[in-house]
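1. Build the 3D model from these lines:
(4 chains)
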Protein chains: 2
Amino acid sequence: MALEHAILVSLRERPASGLDLARRFDRSIGFFWSATHQQIYRVLARMEADGWVRSAAVEQHGRPDKKVYEVTDAGRDELAGWLASPMPIEKSRSELAVRLRGASYGDRAAVLQRVREQRADHATRLAHFEQLAARDFPDPAALTGQQLDIYLVLRGGIRLEQFWVEWLSEYLTAHEATLAMAHDDSPTRRTEGKTR
Amino acid sequence: MALEHAILVSLRERPASGLDLARRFDRSIGFFWSATHQQIYRVLARMEADGWVRSAAVEQHGRPDKKVYEVTDAGRDELAGWLASPMPIEKSRSELAVRLRGASYGDRAAVLQRVREQRADHATRLAHFEQLAARDFPDPAALTGQQLDIYLVLRGGIRLEQFWVEWLSEYLTAHEATLAMAHDDSPTRRTEGKTR
DNA sequence: GTCACTCATGCAACTAGTTGCATAGCCGCG
DNA sequence: CGCGGCTATGCAACTAGTTGCATGAGTGAC
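-> Got it, this is the predicted structure:
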């Protein structure tokens, strides 16, 4: 039930329509919790039925009406209760890690290529996040409350991208070393991998 | 379709029954891809229907028969193809991050307590992984092929737990600093948070 | 003018994963 | 002896999330 609560957080920051929320979930908050607009529409409908949010139709010039949602008192209580509730340890999930683990059952060079691509993607995102942090939070030490939280979650995004870049670099370095070894070891080729 | 492929990797390391796989997914491989035994049973049935694996009943003394699965040639090809296929960038997902972001809409102290608990859990896992690495891989530089991959994925687990411990520590330190400030700033209490 | 795109909401059908339970024998505890 | 726990497989019902499509009006490009 975390999407509901992510939506409550986002709506408390500022009321929004379904599509507004979908756009927010594509950036800041969505870095740690993403959702498609369909999923958001469905959950908003349920939340309204449960009385956690209420909506108001807002006319716009030259485009369809918006349904702008805001959090009700019941929604506030629900969010406050959730924030304080105990939580089990989170489990991570990474398709890339499965590939790294299984790389010896396929074409090693192809997997290394995928790893390089992923590392480049993560490096790009890292640079983007660092730019955001520099632009929006020039003086982190002065932050408090809500702004501090937003900054610290961005810091989490930066740290997480650093984790990826460093881990994948370690992976590539280690495998490039064994490939070099396999070349050096002249005639007695001990080519690892490719069991088949 | 990553669970299928995680199972193929695990079965290529060694043939196993559904429950064996579920146990493996609770440890090494499962750190980056977990699954319940029901999910595994269902996916194994589909994989067998698709011809990726075949099963053989194995009698055991004093306990029910096992269905031990192994990978077929078609399964090998499928796995090799998947390993080489391009992949989109992965998105992370963390309920804890949502709570950090929304902490000012609830009881700040309670959220900090949850953060301390999570940090302790991650520190415990980190210690556990480091112990595994020291025990099973005393000489990482000598590893190649499959063993090197297993070691490097364990390294990923260690690095990820380090990420969590460090990030959550940063979060706690930053908020403890603002709490201290709020105390110092004597009569003009600028108590942040708790907007309600 | 019409083609492609955006804004905005939503339905329907699908895949993935979780939770609760059933079966059925064997093992050890008290 | 009965109770709980372990081994092993599996069904049924549920929740969560994705994908594909529909609608209908407005905007900009050529």
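2. Please look at A:His175 and A:Arg108 and confirm they touch.
-> Yes: using CB atoms under 8 Å, A:His175 is in contact with A:Arg108, at 7.4 Å. Placement of C-beta: from N, CA and C, glycine included.
3. Next one, pLDDT for the most centrally placed residue in chain A please.
-> By CA atoms, centre = their mean, chain A has its centre lying nearest to A:Phe31, at 3.1 Å. Note for A:Phe31: predicted pLDDT of 92.
4. just the strands in chain A please.
-> Assigned by DSSP state E, the strands in chain A fall at A:53-60, A:63-71.
5. residues contacting A:Glu117?
-> B:86-87 (CB atoms under 8 Å, 6 or more residues apart in numbering or on different chains).
6. just A:Arg114 next, same as before
-> Counted by CB under 8 Å, 6+ apart, A:Arg114 has contacts A:96, A:99, B:83-84, B:86-87.
7. distance between the longest helix along chain A and the chain's centre?
-> Of all the segments of type helix in chain A, defined by DSSP state H, the longest one is helix A:145-184. Relative to the centre of its chain, helix A:145-184 is centred 15 Å away, using CA atoms, centre = their mean, to the nearest Å.
8. what's the answer for stretch A:47-61, then?
-> Stretch A:47-61 sits 27 Å away from the centroid of its parent chain (CA atoms, centre = their mean).
9. hmm, back to that, same drill for A:His175 and A:Arg108, tell me which one is more crowded.
-> More crowded of A:His175 and A:Arg108, by other CB atoms under 10 Å in any protein chain shown: A:His175, with 24 against 21.
10. Is it correct that A:Leu44 is in contact with A:Ile7?
-> Yes: in this structure, A:Leu44 is within contact of A:Ile7 by CB under 8 Å, at 6.9 Å.
11. Pull up the overlap in contacts between those two.
-> With contacts taken as CB under 8 Å, 6+ apart, A:Leu44 and A:Ile7 have A:21, A:53 as neighbours in common.
12. State the phi and psi torsions of whichever residue of chain A sits closest to DNA strand D.
-> Proximity of chain A to DNA strand D (CB to the nearest atom of the strand) peaks at A:Gly62, 3.3 Å away. When read as degrees, to the nearest 10, the backbone of A:Gly62 gives phi 80, psi 10.
13. How many neighbouring residues does it have?
-> When neighbours are counted by other CB under 10 Å, A:Gly62 registers 4.
14. Please report the distance of it from A:Ala74.
-> 35 Å (CB to CB, to the nearest Å).
15. which residues of chain A score low on pLDDT?
-> For chain A, residues meeting the criterion pLDDT under 70 lie at A:182-196.
16. which bits of it sit near DNA strand D?
-> Residues of chain A lying close to DNA strand D (CB under 7 Å from any atom of the strand) are A:1-3, A:34-36, A:38-39, A:42, A:62-64.
17. want to try JSON lines for the strands of chain A, with mean neighbour count and distance to chain B as columns?
-> Below are the strands of chain A laid out as JSON lines (neighbours: other CB atoms under 10 Å in any protein chain shown; distance: least, CB to the nearest CB, whole Å):
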{"stretch": "strand A:53-60", "mean neighbour count": "13", "distance to chain B": "14"}
{"stretch": "strand A:63-71", "mean neighbour count": "15", "distance to chain B": "9"}
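18. All set now, cheers.
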